[in-house]
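Undergrad: Just to be clear, the model below is a prediction. Sequence and coordinates:
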Amino acid sequence: MASVQAIYRSTLIIIFLFFTVAITSAANDMKTVENIYGIKMEQNKLLIKMLSNGCSVEHSFQLIWTDEKLLTVYRVSPDRCRRVPYEKWFTFSLPDKVKTFTVSNIFRVNTN
C-alpha cells in the first residue's frame with residue numbers, strides 16, 4: 001500500500017514540475033511591445049534605439065506594419081545577458097512604400 005502512495009505522490013510531483021516549467025517557458029517566450037528611446041530614417045533604413053543587456057540583435061525584434069502607416073515594434077527574443085541595460089541603435093530595412101508613418105510604441109527619454 002505504501003508503494004502505491006509513493007508512486008502516486010511521485011507522479012503528482014512530476015506532473016506539477018512539468019506544468020511549472022512549461023508555463024514559465026511560455027511566459028518567457030511571449031513577444032512584448034518594446035519601449036523606444038529614439039528613431040530616425042536614413043535612406044532605406046530605419047534606425048531604432050532600444051534597451052539591450054548586451055545580447056539583443058536585430059532579429060530579437062519584430063516590426064509589424066499595419067496598412068504601411070502604423071509601426072509596432074515587438075521584442076520576440078528576451079535578452080538574457082546580465083549587463084546593465086544600455087540604449088543601442090538597431091538597423092532595419094524600411095519598406096519601399098513607407099515615407100511617413102506613426103509608431104504605436106511608448107517613447108521613453110533617458111535623462112541621465
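TA: Yes, it's here.

Undergrad: All the strands of the protein, in order from the start?
TA: All strands of the chain, identified by DSSP state E, fall at 32-33, 38-42, 45-52, 61-66, 70-75, 86-93, 102-103.

Undergrad: partners of the second one, with directions?
TA: Based on DSSP bridges, the pairing partners of strand 38-42 within the sheet are strand 45-52 (antiparallel).

Undergrad: between the strand it pairs with and strand 61-66, how big is the angle?
TA: 130 degrees (axes from the mean of the first three to the mean of the last three CA atoms, to 10 degrees).

Undergrad: Show me the domain layout of this structure.
TA: 1-30, 31-112 (automatic domain parsing).

Undergrad: Same list as before, these that is, but in a markdown table and with mean neighbour count and mean pLDDT included.
TA: All C-beta atoms are positioned from the backbone trio N, CA, C, and that covers glycine. Listed next are the domains of the chain as a markdown table, based on neighbours: other CB atoms under 10 Å; pLDDT from 0 to 100:
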| stretch | mean neighbour count | mean pLDDT |
| --- | --- | --- |
| domain 1-30 | 9 | 64 |
| domain 31-112 | 13 | 93 |
